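*Asks:* I would like the atomic coordinates for the input below:
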Amino acid sequence: MREFALRLPEGLVEPGEKAVAVFRFVRDETLYGFPSAFDAATPEETLRCGRGHCNPKSALFVAMLGVLGIRARSHFVTIDGRLLNGIFPVLG
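*Replies:* Okay, the predicted model is just below:
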């Protein structure tokens with residue numbers, strides 16, 4: 001992941017430009033999906049499998065920014081489960 005993160009914003013100088021490049025990669029090139037490790041997926045695993053839901057994608061974003069020397073952290077909120085009703089299939 002380190003080597004990839006360092007190559008991603010190649011040619012960009014400003015930290016803001018680098019952060020936007022990382023954001024766009026995670027948003028556009030990392031598919032929304034559920035890795036086998038679900039929330040425990042490491043940033044490396046998310047990058048390797050090319051997919052993750054909000055938590056693994058957030059971890060990948062923060063980790064890549066860290067490699068570039070840009071301090072970042074995630075902040076989460078709780079969503080009322082009723083808002084998610086019908087979004088995810090019922091397993092059983």
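*Asks:* list the buried ones in the longest helix along the chain?
*Replies:* For the chain, the longest helix by residue count, based on DSSP state H, is helix 54-67. Across helix 54-67, burial judged by 16 or more other C-beta atoms under 10 Å covers 56-65, 67. Backbone N, C-alpha and C define where each C-beta goes, glycine included.
*Asks:* Would you mind writing the CA trace of it as CSV?
*Replies:* Below are the C-alpha coordinates for helix 54-67, written out as CSV (Å, rounded to 0.1, in the frame of the first residue of the first chain):
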residue,chain,number,x,y,z
CYS,A,54,-17.7,2.9,4.4
ASN,A,55,-15.5,1.8,7.3
PRO,A,56,-12.8,0.0,5.3
LYS,A,57,-12.8,2.7,2.6
SER,A,58,-12.4,5.3,5.4
ALA,A,59,-9.5,3.4,6.9
LEU,A,60,-7.8,3.1,3.4
PHE,A,61,-8.2,6.9,2.9
VAL,A,62,-6.7,7.8,6.3
ALA,A,63,-3.9,5.3,5.9
MET,A,64,-3.0,6.6,2.4
LEU,A,65,-3.0,10.1,3.6
GLY,A,66,-0.7,9.1,6.5
VAL,A,67,1.8,7.6,4.0
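*Asks:* need the helices for the chain, in chain order.
*Replies:* Using DSSP H, helices in the chain cover 2-7, 15-24, 43-49, 54-67.
*Asks:* the inter-axis angle of the last one versus helix 15-24?
*Replies:* Think helix 54-67. For helix 54-67 against helix 15-24, the angle between stretch directions is 150 degrees (axes from the mean of the first three to the mean of the last three C-alpha atoms, to 10 degrees).
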